[in-house]
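Chemist: after the sequence you'll find the predicted model.
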Amino acid sequence: MAEPEAPRGPSIRKIPEGDTHERLVCADCGYVQYDNPRIVVGAVCSFEDRLLLCRRAINPRKGFWVFPAGYLELNEAAHEGAAREVCEEAGAEARLGELLAVYTIARLSQVQLIYRAHLPSAALDPGVESAEAKLFRWEEIPWDDLAFPTVHWALRHHREVRGLSDFPPRGNPPGESADYLKKV
């Protein structure tokens, strides 16, 4: 007796009825697979007059500096994910504050939600994704060694709103898409 054929699953690219985008669709049952943007959460953390940066121990941009950030997990609130990333990457407890910025990186299908946070202590213990974690004064930030345009943006946006408790979240700077890295 022949083995029954396994379901094929979403394998046909087409625009489903009532939709506007091409998607993978299952020919057997009509299931539509939606590939939606990934949400990145992170925090620009301060302790006294210094800002937390982590040197990446993983690719992409291994060896370059970032603020703690990563993908939001399923069933996780955005602010909880940002605090988790600070703990995982810097071994620090973050007290999250206001939403600092919402960045859109269309070519990567990413939406980044970046919070402002305070560290109650200077104690850091970098996790496996970080080669080191360090607190920098503004003039000490390794601008030429920052990993991504959004790191530049978030640090500048954090500086713009320092001392304020009520401000609208920042977005991509005018004309910026994060497709390339500009010097600060």
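Modeler: Right, received. Where do you want to start?

Chemist: grab the nearest non-local neighbour of the residue nearest to the spatial centre of the chain.
Modeler: Here the mean C-alpha position of the chain is nearest to the C-alpha of Val40 (C-alpha atoms, centre = their mean), at a distance of 3.0 Å. Once flanking residues are discounted, Val40 sits nearest to Gln112: 4.3 Å by C-beta to C-beta, 6 or more residues apart in numbering. For the C-beta atoms, the positions are set from N, CA and C on the backbone; glycine is no exception.

Chemist: related to what we said a few turns ago, surely the residue nearest to the centre of the chain is within a strand?
Modeler: Yes. The assignment for Val40 by DSSP: H, G, I helix; E, B strand; the rest coil puts it in a strand.

Chemist: beta partners of it?
Modeler: For Val40, the beta-bridge partners under DSSP bridges are Tyr71, Gln112.

Chemist: quick check: the gap between the residue nearest to Val40 and Ser11.
Modeler: 32 Å (C-beta to C-beta, to the nearest Å).

Chemist: who has more neighbours out of those two?
Modeler: Gln112 (22 against 12; other C-beta atoms under 10 Å).

Chemist: contact partners for that one?
Modeler: Shown in contact with Gln112 (C-beta atoms under 8 Å, 6 or more residues apart in numbering): 39-42, 69, 101-105, 150.

Chemist: distance to His79 added to those residues, as TSV?
Modeler: Output for those, formatted as TSV (distance: C-beta to C-beta, whole Å):
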residue	distance to His79
Ile39	12
Val40	14
Val41	8
Gly42	11
Ala69	13
Ala101	14
Val102	13
Tyr103	16
Thr104	19
Ile105	20
Thr150	18
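
Chemist: which one of those is nearest Ser177?
Modeler: Ile105 (7.4 Å; C-beta to C-beta).

Chemist: now for the closest one: which residues touch it?
Modeler: 111-112, 150, 177-178.
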